[in-house]
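[1] Model the following, please.
(2 chains)
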Amino acid sequence: MTFTIPIENGNGVKDAEADSQRTLYPYVTGTSVVAIKYKDGILMASDMGGSYGSTLRYKNIERVKAIGKHSLLGASGEISDFQEILRYLDELILNDNMWADGNSLGPKEVHNYLTRVMYNRRNKFNPLWNTLVLGGVKNGEKYLGMVSMIGVSFEDNHVATGFGNHLARPILRDEWHEDLSFEDGVKLLEKCMRVLLYRDRSAINKLQISKMTEEGLTVYEPYSLKTFWEFSAFTNPTVGAEGSW
Amino acid sequence: MFRNQYDTDVTTWSPTGRLFQVEYAMEAVKQGSAAIGLRSRSHVVLACVNKAQSELSSHQRKIFKVDDHIGVAIAGLTADGRVLSRYMRSESINHFFTYESPLPVGRLVVHLADKAQVCTQRSWKRPYGVGLLVGGLDESGAHLYYNCPSGNYFEYQAFAIGSRSQAAKTYLERRFESFGESSREDLIKDAILAVRETLQGETLKSSLCTVSILGVDEPFHFLDQEEIQKVIDTFEKVAEEEDEAEGEAEAAPAAAQAEQAGDQDVAPMEI
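    Residues are numbered from 1 along each chain as shown, chains lettered A, B, ... in the order given. Got it, this is the predicted structure:
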């Protein structure tokens, strides 16, 4: 016998059980993903942390994965929802491959598919709590786009999620240009990730960079950035601020 | 084909392993007026003969745009053809909505064939009585397919279906090897010439045929009457001399065609 606890939420009275099926808040989350187009394709960087609230609980989570032959997907937000999305895409790519007819889903198609999924979930008030970055190269054309948990989607030469939007994109707007070399692209991403490491509480110093070109995917070994914590602004943060302690 | 005790139901096999209802559906395709398709590496041309019920009425539409990059020409029960064209348009637009990318024609014809197969395996349905020539693009270029009421589909360099299509097929068989590298204009010319073969004697006028084209950089569209007439004019003079030489050669295969027999009694739904 199930109890019906009436919960008024604008849609009338709902069964408590029905509510427990919806996503209400995220539990294990990943922080920013930053991605840019460069000369040969796409570079995407994220750290390997999974936070459980304010605890930096998991330190080995890969938040950038390959999709098919042509695309890279990076995600911030709820890790379990990211894994669910990977399962959807796995099935999508599998069915695409089964056709074996010389046609394949490129990054543009995957991005639009994801936009449809995210938007439809949002309309049911049961979102996948992620912001996704989708990048790839097909037939020489580079593609980089983003989808948020409410289904907002767009393409650009450089994208970031979460804190990356506030801290990394201003740097990219100033310093990104067409036909970056691989070395310059990595240096630019590291610059963004370093700022995020200093200023984002949920960032950890273990990042992974992935590269997608016409030839295929390369995922580099995780590494750490050198940091300097002896800046006077860090050692004495409130020296110039009136009224602070 | 004669009546027998295994041909009432589509779900009844004959002892020799045939489904007669499906084969009868394919006969319906042969009764419809001709439709022709040919393709080069980058373009597909679909053409058909316009038959009107009477002088008072307009002719039935037999070529449909499915999408900018896919067109279909039908022969047989045109009502069935319309329904299937609507299905194809629906599939195409749904794919585009989800993926923002055109549906590869090779995948569309498989969906279509699977839909036709269902009707060959349900006792409460009947097979679609229409043959479809589907022309379209995918990542590897231009393609032409023929979908049967049986649920089979085949890819072709060039093909013709409907009544008197054998004459067109003979013409196409002679020329198909060059189609791959044909220019757009030559492809149109060959299509109109193939239509002329099915008319067998009637003078070719632009009002008698409908021609459509699609290509890698060209969305599907119909050619207007002037364009068709211009192409006809380029070979009409030569045609008069050719006709005399070919007249004797054509008489023999024409008499042997079985599809000629049904022509006088063509059912009103099978234009």
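
[2] got the residues of chain A near chain B?
    For chain A, the contact set with chain B under C-beta under 8 Å from any C-beta of the partner chain comprises A:W99, A:D101, A:G102, A:N103, A:S104, A:L105, A:G106, A:K108, A:E109, A:N112, A:Y113, A:R116. Every C-beta, even on glycine, is put in place using the N, C-alpha and C of the backbone.

[3] Just the buried ones among these, please.
    Neighbour counting over the residues of chain A next to chain B (16 or more other C-beta atoms under 10 Å in any protein chain shown) leaves A:N103, A:S104, A:L105, A:G106, A:K108, A:E109, A:N112, A:Y113, A:R116 as the buried ones.

[4] Enumerate the residues of the stretch 101-250 of chain B near chain A.
    By C-beta under 8 Å from any C-beta, the part of the stretch 101-250 of chain B that sits against chain A consists of B:S101, B:P104, B:G106, B:R107, B:D138, B:E139, B:S140.

[5] what sits against the fifth one?
    When you say that, I think you mean B:D138. A:D101, A:G102, A:N103, B:P104, B:V105, B:G106, B:R107 (C-beta atoms under 8 Å, 6 or more residues apart in numbering or on different chains).

[6] again with the fourth one
    By C-beta under 8 Å, 6+ apart, the contact list for B:R107 reads A:W99, A:D101, A:N103, B:D138.

[7] same check, this time on the first one
    When contacts are counted by C-beta under 8 Å, 6+ apart, B:S101 is found next to A:G106, A:K108, A:E109, A:N112, B:H95.

[8] Dump the residues of the stretch 101-250 of chain B next to chain A into CSV; add secondary structure as well.
    Shown next, in CSV, are these (DSSP: H, G, I helix; E, B strand; the rest coil):
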residue, secondary structure
B:S101, coil
B:P104, coil
B:G106, helix
B:R107, helix
B:D138, strand
B:E139, coil
B:S140, coil
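
[9] I'd like those residues as CSV, with distance to B:T210 and pLDDT appended.
    Formatted as CSV, those follow (distance: C-beta to C-beta, whole Å; pLDDT from 0 to 100):
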residue, distance to B:T210, pLDDT
B:S101, 29, 95
B:P104, 26, 96
B:G106, 25, 95
B:R107, 27, 96
B:D138, 25, 90
B:E139, 29, 90
B:S140, 28, 90
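
[10] what number of residues lie near the closest residue to B:A28 other than its chain neighbours?
    In this structure, B:A28 finds its nearest non-sequential neighbour in B:G129, 3.8 Å apart by C-beta to C-beta, 6 or more residues apart in numbering or on different chains. Other residues lying near B:G129 total 23 when counted by other C-beta atoms under 10 Å in any protein chain shown.

[11] Please name the residues that touch B:G129.
    Residues in contact with B:G129 (C-beta under 8 Å, 6+ apart) are B:A25, B:A28, B:V29, B:G76, B:L77, B:D80, B:P149, B:E270.

[12] what about it, distance to chain A?
    B:G129 is 28 Å from chain A, where distance means C-beta to the nearest C-beta, to the nearest Å.

[13] And for B:A52?
    Look at B:A52 and chain A: by C-beta to the nearest C-beta, they are 39 Å apart.

[14] Need phi/psi at the closest residue to that residue other than its chain neighbours.
    Using C-beta to C-beta, 6+ apart and skipping residues adjacent in sequence, the residue nearest B:A52 is B:H59, 4.3 Å away. Torsion angles at B:H59 (phi, psi; degrees, to the nearest 10) stand at phi -90, psi 160.

[15] Do I have it right that B:H59 meets B:N50?
    Yes - counting by C-beta atoms under 8 Å, B:H59 touches B:N50, with 4.0 Å between them.

[16] give me every residue that touches the most centrally placed residue in chain B.
    Centroid-nearest residue in chain B, with C-alpha atoms, centre = their mean: B:A35, separated by 3.5 Å. Under the criterion of C-beta under 8 Å, 6+ apart, the neighbours of B:A35 are B:46-49, B:62-63, B:73-75, B:131, B:133, B:160-162, B:165.

[17] Strands - which of those residues land there?
    Those of those mapping onto strands are B:L46, B:A47, B:C48, B:V49, B:I63, B:A73, B:I74, B:A75, B:G131, B:L133, B:A160, B:I161, per DSSP state E.

[18] Run a quick neighbour tally on A:E215.
    Residues near A:E215, counting by other C-beta under 10 Å: 10.

[19] residues contacting it?
    Not one residue lies near A:E215 by C-beta under 8 Å, 6+ apart.

[20] List the buried residues in stretch B:10-18.
    So stretch B:10-18, judged by 16+ other C-beta under 10 Å, has buried residues B:V10.

[21] again with stretch B:177-196
    Buried residues in stretch B:177-196, counted by 16+ other C-beta under 10 Å: B:F179, B:S182, B:L187, B:I188, B:K189, B:D190, B:A191, B:I192, B:L193, B:A194, B:V195, B:R196.

[22] Distance of the fourth one relative to chain A?
    Taking C-beta to the nearest C-beta as the measure, B:I188 falls 27 Å from chain A.

[23] In terms of helices and strands, where is that residue?
    Secondary structure assignment for B:I188, by DSSP states H and E: helix B:184-199.

[24] what packs against that helix?
    Judged by 3 or more C-beta pairs under 8 Å, 6 or more residues apart in numbering or on different chains; DSSP states H and E, helix B:184-199 is in contact with strand B:35-39, strand B:43-49, strand B:158-161, helix B:165-175, strand B:209-215, helix B:225-256.

[25] comparing these, which gets the lowest mean pLDDT score?
    Mean pLDDT per stretch puts helix B:225-256 lowest among those, at a mean of 65.

[26] For the residue nearest to B:A52, report the pLDDT, please.
    At B:H59, the pLDDT value in this model is 83.

[27] correct me, but B:L137 touches B:P219?
    No - assessed by C-beta under 8 Å, B:L137 is found out of contact with B:P219, at 10.0 Å.

[28] more crowded one of these two?
    Each of B:L137 and B:P219 has its neighbours counted (other C-beta under 10 Å); B:L137 has more, 24 against 12.

[29] need the contact list for that one.
    The contact partners of B:L137, by C-beta under 8 Å, 6+ apart, come to B:V44, B:H69, B:I70, B:P102, B:P104, B:V105, B:H143, B:L214, B:G215, B:V216.

[30] how about TSV for those residues, with neighbour count added?
    Shown next, in TSV, are the contacts of B:L137 (neighbours: other C-beta atoms under 10 Å in any protein chain shown):
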residue	neighbour count
B:V44	30
B:H69	23
B:I70	27
B:P102	18
B:P104	23
B:V105	29
B:H143	20
B:L214	26
B:G215	21
B:V216	12
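
[31] Test for you: state the pLDDT assigned to B:E259.
    At B:E259, pLDDT is 42.

[32] for the contacts of B:S101, which one is nearest A:Y27?
    Closest approach to A:Y27 among the contacts of B:S101 (C-beta to C-beta): A:N112, at 28.8 Å.

[33] For the closest one, give me the pLDDT.
    pLDDT, A:N112: 97.

[34] Contact partners for the closest residue to it other than its chain neighbours?
    Among residues not flanking A:N112 along the chain, B:E100 sits closest, at 4.2 Å (C-beta to C-beta, 6+ apart). For B:E100, the contact set (C-beta under 8 Å, 6+ apart) comprises A:K108, A:E109, A:N112.

[35] and these, which of them are in helices?
    Using DSSP state H to define helices, the subset of the contacts of B:E100 located there is A:K108, A:E109, A:N112.

[36] Nice, that's everything, thank you.
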